[in-house]
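Asker: return atomic coordinates for the entry below.
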Amino acid sequence: MRGLRTGAPAEIDARGIPCHPRLGERSIIYGFFSPGCILIRNGKPWLAAYEDHRKGGTVIKLKRAYDPPEDEDGTRVLVDRLWPRGVSKERIRIDQRMSDIAPSNELRHWFNHDPAKWDEFHRRYLAELDNPERQAELDSLARIAEQGILTLVYGAKDTERNQAVVLKELIEARMNG
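Answerer: Below is the predicted model of the structure:
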């Protein structure tokens, strides 16, 4: 398959949509990308999702502290109360640490990452976040997301049920309404 305007070779993403990974920003301008496509800009990977940010949308990613950092992560903020075991500061490469926005020790111990307790954890954590100090930290995270890509870094094994998921929902709701 060839590119529509440039004749450049096209790659196909997982959904079968043409993706032009070496056209850089021009591929976004001309619409030659799929939303999940990684582009190359100045020799580095660049998320096509960045266009969402440029149009006024936000890009908030979630990433485990044990996964390697990438250039397209944007601003990386650790949102755990405890430092992830066995991960050095050099390896985690965070830009900021917000341990006060994490669930309280009592809630963290009660939840113990039990999927059956997720709904109640979600409700209790939202209640904990409903105070002025934590609202100020949520505002700070929202400002970071407005300026570029925000990656919330967490240590939990469960990628679908952790505090970063709740924080992402709150930040997106705050920015969209």
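
Asker: every contact and neighbour count from this point should use C-alpha atoms.
Answerer: OK.

Asker: now for the longest helix seen in the chain, which elements pack on it?
Answerer: The residue-count maximum for a helix in the chain (DSSP state H) belongs to helix 132-147. Using 3 or more C-alpha pairs under 8 Å, 6 or more residues apart in numbering; DSSP states H and E, the elements in contact with helix 132-147 are helix 163-176.

Asker: kindly recompute the last result at 10 Å.
Answerer: helix 50-54, strand 60-64, strand 75-78, helix 118-129, strand 150-154, helix 163-176 (3 or more C-alpha pairs under 10 Å, 6 or more residues apart in numbering; DSSP states H and E).

Asker: in this protein, what helix or strand scores lowest on average pLDDT?
Answerer: When each helix and strand of the chain is scored by mean pLDDT, DSSP states H and E, helix 25-29 comes last, with a mean of 39.

Asker: residue ranges with poor pLDDT in this structure?
Answerer: 1-58, 177 (pLDDT under 70).

Asker: repeat the analysis, applying 50 as the threshold.
Answerer: For the chain, applying pLDDT under 50 flags the ranges 1-10, 12-18, 22-36, 39-50, 52-54.

Asker: could you chop it up by domain?
Answerer: 11-48, 58-176 (automatic domain parsing).

Asker: same list, these, but as TSV with mean neighbour count please.
Answerer: Below are those laid out as TSV (neighbours: other C-alpha atoms under 10 Å):
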stretch	mean neighbour count
domain 11-48	17
domain 58-176	16
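
Asker: out of everything not next to it in sequence, what's closest to Leu167?
Answerer: Leu138 (7.9 Å; C-alpha to C-alpha, 6 or more residues apart in numbering).

Asker: distance of the one you found from Pro115?
Answerer: Leu138 sits 25 Å away from Pro115, taking C-alpha to C-alpha, to the nearest Å as the criterion.
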